[in-house]
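>>> Provided below for reference: sequence and predicted model.
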Amino acid sequence: MSQQIFERLTRRRLIAALGLSPFMASAFAQAANPGRSHEVLMRNAACGDPNELNVFDPPILKIDVGDTVTFVPFESGHNAASKRGMVPEGGPSWNGGVDERLTVTFDTDGTYGYVCVPHYEAGMVGLVLVGDHERNLEQARKTRHAGGARKAFRALFKRVKNGEFERA
């Protein structure tokens with residue numbers, strides 16, 4: 001009998017029955033589903049292409065709002081840092097130390113550009129696309145870069161335009 005009563009409760013009635021305000025219910029739902037975890041490896045060479053040096057693997061990652069990304073120093077000499085001008089308003093910025101494992105939680109929709117500071121001009125760059133990533137896509141795309149980073153970001157944005165990226 002109690003099973004039948006529970007099945008008849010709508011979400012709104014269940015929240016009311018538990019005495020939760022809409023805010024508390026939202027917080028409860030987030031705590032119950034905190035988001036998924038992903039990893040980006042910082043590598044000396046691309047998997048399968050030893051001629052492509054100093055890379056993030058994967059270079060583009062599409063995730064949901066609330067997910068976390070851990071930047072993992074697979075090989076030494078690298079870090080991960082957000083690129084100024086390539087973080088949406090209200091989104092997190094970060095600057096990990098060299099050889100530091102760093103976890104970032106993405107609670108804001110948008111396109112996030114990031115770099116390995118020691119290898120930025122050599123083109124070691126990446127993108128995290130969060131939720132509605134088009135929110136600041138054009139602003140991020142127009143950000144200026146030095147050296148090989150310019151060519152590398154141009155190639156990544158072309159892949160985004162063509163839908164060629166890893167969906168988590």
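Yes, it's here.

>>> So for stretch 42-55, what gets flagged as buried?
Met42, Arg43, Asn54, Val55 (16 or more other CB atoms under 10 Å). Using the backbone N, CA and C atoms, a C-beta is placed for each residue, glycine as well.

>>> which one is His133 nearest to, not counting chain neighbours?
Leaving aside its chain neighbours, His133 sits nearest to Thr111 (4.8 Å; criterion: CB to CB, 6 or more residues apart in numbering).

>>> element containing that neighbour?
strand 110-115 (DSSP states H and E).

>>> strands paired with that strand, and their directions?
In the sheet, strand 110-115 lines up against strand 81-82 (antiparallel), strand 125-130 (antiparallel) (DSSP bridges).

>>> which of these is buried the deepest?
strand 125-130 (a mean of 25; mean count of other CB atoms under 10 Å).

>>> Check the offset of that strand from the chain's centre.
How far strand 125-130 lies from its chain's middle: 6 Å, per CA atoms, centre = their mean, to the nearest Å.

>>> Which element is encountered next along the chain beyond it?
helix 137-141.

>>> for that following helix, what is the average pLDDT?
Throughout helix 137-141, pLDDT has a mean value of 97.

>>> tell me which strands and helices it is in contact with?
strand 110-115, helix 147-161 (3 or more CB pairs under 8 Å, 6 or more residues apart in numbering; DSSP states H and E).
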